[in-house]
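Asker: just a sequence and a predicted model for now, questions to come.
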Amino acid sequence: FNLTFNSAYFLIYIFIAFVFSLGANYILVGRNRNIIKQAMEAYLSPDLVKKISESEKVFALKGENVDASAMFIDIAGFTTFSERNEAEKVVEVLNEYLKSFSDIIINNKGFVNKFLGDGLMALFGVPTSYEDHRNMVVKSAIECYNINYELSRNYGLNVRIGVNSGNMIVGDMGGGKKLEYTAIGDSVNLASRLEGVNKFFETKILISENTYNNLTNEFKDYFNYLGKLSVKGKDIPLGIYYFVPAKKDIKDEFAKMVISYEKKDLKNFLNYISLFKSIDFGPAKFYIEYYEKHKENFGEPIKLTEK
């Protein structure tokens, strides 16, 4: 009888311990899930966080190929600004810019991937995929330019933005205890390069044909054709499109200048050189300087040798 009684107590004890363990584990998992969710909400829109938290999919540690869009933003002139102001002011202004950009990106289903000094890298179409990531990345680029226009009234700073879309590898990358979910590949590198190319053409936003060709007309209307060019480190030229605030007639004349260049119509091109020597328009200024340095390659895709 005692043996049976003791065995019953033992089984009850095991059952209680099992239930307690399940309850504790449920609370712990729920708590950890909430912590992760709160952390993700700082970089992703609530809709994407909800999709990820409800999904059974685990981020690919070994990496996966996805079709997505990358955007790089740099605050032009910030180095000079930081040299002329106190550290507290520098950090305050930088945070104001980065918060404004981040809010826009998150509201447009983007992923604030990393902060890069006085700029940032954002991804669209990851970690969860969606078809209109090209529209969303361009919408974000335009809105980031617009908010910068407002902020520049106070600080006199400007932005350069580069955008590209295509195949990229995403996953947790790093080593040891330091891992970061990010994207790599030629598509990401080109977005970064285009951000820097803005300074040669005095443009604000540059996007590649990989992005432009799949935009809806609503967003295509913001951009004009810049020409075929290859960035430093790449031999294959791509069609690039630019955004810069300028009068429509100036952009229309520049479009004709680009056509004459690509058709190797030297006579007309020289006429446009004469026209734009009296008009301050960055893209035309670049073409004139490029032609004067590379007359033997007139009409060939522009090859950039600097970042």
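Answerer: Structure's in. What do you need?

Asker: for residue 283, see how far away residue 214 is.
Answerer: 23 Å (CB to CB, to the nearest Å). To be clear about C-beta, it is placed using only N, CA and C from the backbone, and glycine gets the same treatment.

Asker: which one's more surrounded, those two?
Answerer: Using other CB atoms under 10 Å as the criterion, residue 214 and residue 283 rank with residue 283 on top: 25 against 16.

Asker: looks to me like that one is in a strand.
Answerer: No - going by DSSP: H, G, I helix; E, B strand; the rest coil, the assignment for residue 283 is helix, not a strand.

Asker: ok, now which ones touch it?
Answerer: 201, 202, 203, 226, 242, 244, 254 (CB atoms under 8 Å, 6 or more residues apart in numbering).

Asker: quick one: the helices in the stretch 51-200 of the chain?
Answerer: 78-84, 87-107, 133-155, 186-201 (DSSP state H, counting those that start in this stretch).

Asker: what mean pLDDT does the first one have?
Answerer: When pLDDT is averaged over helix 78-84, the result is 92.

Asker: residue 73 reaches residue 158, doesn't it?
Answerer: No - contact criterion CB atoms under 8 Å: residue 73 and residue 158 do not qualify, at 11.0 Å.

Asker: give me the more crowded residue out of these two.
Answerer: residue 73 (26 against 17).

Asker: strands of the stretch 201-307 of the chain, start to end?
Answerer: 205-208, 224-230, 238-243, 302-303 (DSSP state E, counting those that start in this stretch).

Asker: which elements pack onto the second one?
Answerer: Under the contact criterion of 3 or more CB pairs under 8 Å, 6 or more residues apart in numbering; DSSP states H and E, the helices and strands touching strand 224-230 comprise strand 238-243, helix 248-262, strand 302-303.

Asker: I'd like to know how many residues surround the residue lying closest to residue 220 once chain neighbours are set aside.
Answerer: Using CB to CB, 6 or more residues apart in numbering and skipping residues adjacent in sequence, the residue nearest residue 220 is residue 212, 6.7 Å away. By the criterion of other CB under 10 Å, residue 212 has 20 neighbours.
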